[in-house]
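**Q** After the sequence you'll find the predicted model.
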Amino acid sequence: MEAANTLTLPAEAIQEVFFREEASRIRKAFANKSDEDDLDYLLHQLRCIKSLMVHLELPWDRLITVLFRCFAYYMRQPNVENTRKTYQLATQLMDCIVFMSRNGRVMNALVEFFDHQIDDLDKLLAEKNETQP
């Protein structure tokens, strides 16, 4: 929908357009082709991401060496051709975990953001279900 057209829509319709566009982008990113309604799919994904953020509150930076060794051992397989790239990916994962464990405010802000998104989407779905016979 064009930007000029959204200026004349009611707030609920603009919100639905926004959430449908977000669902479309997430489906495309994950190559999801299920028949599930876009808004239900988006709600499920938001809840999963929020759950991930909530459960990442451990002091991960203390476990970095153990996790790296486990990943490195797991990825050492005789038929893997490019082990250097595998180790680089494991290192990038550890860097991300260190970042998240040291930025509790960012993690809390993300949880709050997803919480608001889930609430808004729940309200939109409830309103939509009330209007349908």
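**A** Structure's in. What do you need? Residues are numbered from 1 along each chain as shown.

**Q** burial count for residue 109?
**A** When counting by other Cβ atoms under 10 Å, one arrives at 12 neighbours for residue 109. (Each C-beta comes from the backbone N, C-alpha and C, glycine too.)

**Q** So for it, what's the pLDDT?
**A** On the pLDDT scale, residue 109 is placed at 88.

**Q** same question, residue 74
**A** 62.

**Q** And residue 113, by the same measure?
**A** On pLDDT, residue 113 comes in at 90.

**Q** what helix or strand is it on?
**A** For residue 113, the element it lies in under DSSP states H and E is helix 104-131.

**Q** quick one: secondary structure of residue 32?
**A** Under the three-state scheme (DSSP: H, G, I helix; E, B strand; the rest coil), the conformation of residue 32 reads as coil.

**Q** So for it, what pLDDT did the model give?
**A** If you check residue 32, the pLDDT there is 74.

**Q** Begin at 846, not 1, for the rest of this chat.
**A** Taking 846 as the first residue, the last one we looked at is residue 877.

**Q** measure the residue lying closest to it once chain neighbours are set aside to residue 944 for me?
**A** The spatially closest residue to residue 877, leaving aside those adjacent along the chain, is residue 886, at 7.0 Å (Cβ to Cβ, 6 or more residues apart in numbering). Noted for residue 886: a distance of 28 Å to residue 944, by Cβ to Cβ, to the nearest Å.

**Q** the more surrounded of the two?
**A** Remark: of residue 886 and residue 944, residue 886 carries more neighbours, 18 against 13, as counted by other Cβ under 10 Å.

**Q** show me the contacts for that one.
**A** Contacts for residue 886 (Cβ atoms under 8 Å, 6 or more residues apart in numbering) come out as 868, 871-872, 877, 879.

**Q** Which strand or helix spans it?
**A** Following DSSP H and E, one finds residue 886 within helix 883-900.

**Q** Look up phi and psi at residue 879.
**A** Note on residue 879: its backbone torsions stand at phi -70, psi 170 [degrees, to the nearest 10].
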